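*Asks:* Quick one, structure for this:
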Amino acid sequence: MDNKFAQQLKKGVLDMVVLRLVEEKSTYGYEIIQQLEQRGEGFFNLKEGTLYPVLYRLEDSGLIESFWQNGEGRTAPKKYYTITEKGSETYREYRNLWMEFQNCISHICGEGDQ
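*Replies:* Reported below is the predicted structural model:
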C-alpha cells in the first residue's frame with residue numbers, strides 16, 4: 001500500500017478512534033498507543049509525537065479532560081484522559097459520518113455489485 005495514502009487515512013480517523021478508546025475507559029497516552037497498535041492489528045503504529053498533539057487538540061476542544069493519577073508502587077504519576085459528554089456526542093457524530101463515508105466509497109468502488 002502507498003505509505004502516503006495510508007498515513008492520510010490514519011490521520012483522517014485518528015480523532016475518532018482516540019475518542020472511542022477514551023470513551024471505553026480513562027486511559028493514558030502510552031496505553032492508547034498500545035491499544036491502537038494491538039486492536040488496529042499493526043495499522044496504527046503511532047509515535048508519541050503523533051498522538052500527544054491529537055490528545056491536546058481534543059482536550060482544547062472540550063472533547064476530553066485530563067487528570068493526574070499515581071501509579072501502583074513506585075511509578076510516576078500518569079496523565080489520564082477521560083471523555084466528556086461533548087466528546088461522546090462528537091464521537092457518535094464521527095462514527096455516523098464514517099459509516100456514511102464507508103458506504104459511499106463501497107458504492108463508488110462497486111463493492112457488492114457482482
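
*Asks:* And the pLDDT for the spatially most central residue of the chain?
*Replies:* Nearest residue to the geometric centre of the chain (Cα atoms, centre = their mean): Val18, 1.9 Å. Residue-level confidence at Val18 comes out at 98, pLDDT.

*Asks:* Quick check: closest non-adjacent residue to it.
*Replies:* Residue nearest to Val18 in three dimensions, not counting chain neighbours: Val54, with 5.7 Å by Cβ to Cβ, 6 or more residues apart in numbering. For the C-beta atoms, the positions are set from N, CA and C on the backbone; glycine is no exception.

*Asks:* who does the helix or strand where the one you found lies touch, helix- and strand-wise?
*Replies:* Using DSSP states H and E, Val54 maps to helix 48-60. Using 3 or more Cβ pairs under 8 Å, 6 or more residues apart in numbering; DSSP states H and E as the contact criterion, the neighbours of helix 48-60 among helices and strands are helix 3-24, helix 29-39, strand 64-69, strand 78-83.

*Asks:* Please tell me how far the longest one is from the chain's geometric centre.
*Replies:* To tie it back to what came earlier, the one meant is helix 3-24. Its chain's C-alpha centre lies 5 Å from the corresponding centre of helix 3-24 when counted by Cα atoms, centre = their mean, to the nearest Å.
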